[in-house]
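Student: coords below, sequence missing:
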């Protein structure tokens, strides 16, 4: 069992129809048929959406995505139509709300990896492959790959794991032409973002994108290149051979698996609330990632 510790009730906003409550984002549709995407301050770990929120997290994710969309505009058109609040929306939605095109979404998490870690490392240790792609011998946790690779995954429901799949399976699901477009776009966007991050002293180890079609035009959607969807590592601390320090929710994971939390993951009981020091440290890490990448002071 996993999922929401306490699933929130969607807000009722005049003119909006609630469509979905995700781990972090709430999705609505306005009367024009556009999507209204609201990033909450919820945080997930170990397939649970925790009851403790991280203040400002949704705004950080939204503003960082908007910054990246600008950096990538010549490579990939995106789904953002407006950042204006819908009439009647609560004031708390400011800075965390995007009005977006309604797209025909692809049922694939488009993952790009430039470094070996996470589920890719697990597969590599078993077979020397990631998503069926053969990799050289001698790689370890945190090793840089010879070049970026496209390692797609299925989209999982809240409380479930995404599952890595082969490129051939993606082609079977969406067609050969769309699969080729997804791979090309994913690797192009990753390579651009990797270079931008590197110039700011940050390694973009891996990331996942979502794409949809507007007619026959491929569009970059959802969030992009945030600490929730990417592994960012400080370049000056990179040392292959073990887990790397990162700009994400590692404080949350570390505390949940520590004796202090008292939580036993294997028992499938909901995690406890986070203490203030973990909440504060996690918020600071998200803001640090935003400031280092964009060069803009968070306010």
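Tutor: Great, that's in hand. Quick caveat: nothing in here was measured; it's all calculated off a predicted structure.
Student: All the strands of the stretch 151-299 of the chain, residue numbers only.
Tutor: Along the stretch 151-299 of the chain, the stretches classed as strands by DSSP state E, counting those that start in this stretch are 153-154, 202-214, 217-221, 230-234.
Student: For the third one, buried residues please.
Tutor: By neighbour count with 16 or more other CB atoms under 10 Å, strand 217-221 contains the buried residues 218, 219, 220, 221. Glycine gets a C-beta too; all of them are placed from N, C-alpha and C.
Student: contacting residues for the third one?
Tutor: Neighbour list for residue 220: 69, 72, 76, 77, 78, 79, 185, 189, 209, 210, 211 [criterion: CB atoms under 8 Å, 6 or more residues apart in numbering].
Student: ranges for the strands of the stretch 1-150 of the chain?
Tutor: Using DSSP E, counting those that start in this stretch, strands in the stretch 1-150 of the chain cover 3-4, 17-21, 25-29, 35-39, 44-45, 48-49, 80-82, 97-100, 104-105, 108-115, 129-130, 133-134, 144-150.
Student: mind checking which of the ones you listed is nearest residue 255?
Tutor: Residue 255 lies closest to strand 44-45 among these, at 9.2 Å (CB to CB).
Student: what pairs with that closest one, and is each one parallel or antiparallel?
Tutor: strand 48-49 (antiparallel) (DSSP bridges).
Student: any idea how far the strand it pairs with is from the chain center?
Tutor: Strand 48-49 sits 15 Å away from the centroid of its parent chain (CA atoms, centre = their mean, to the nearest Å).
Student: average model confidence for that strand?
Tutor: The pLDDT scores in strand 48-49 average 94.
Student: what does stretch 117-126 give?
Tutor: For stretch 117-126, the mean pLDDT works out to 93.
Student: Tell me which residues of it come out buried.
Tutor: Buried residues in stretch 117-126, counted by 16+ other CB under 10 Å: 117, 118, 119, 120, 121, 123, 124.
Student: Tell me the spatial nearest neighbour of the fourth one, not counting adjacent residues.
Tutor: Read that as residue 120. residue 130 (4.4 Å; CB to CB, 6 or more residues apart in numbering).
Student: I figured the one you found was touching residue 149, is that so?
Tutor: Yes: Residue 130 is within contact range of residue 149, at 6.5 Å (criterion: CB atoms under 8 Å).
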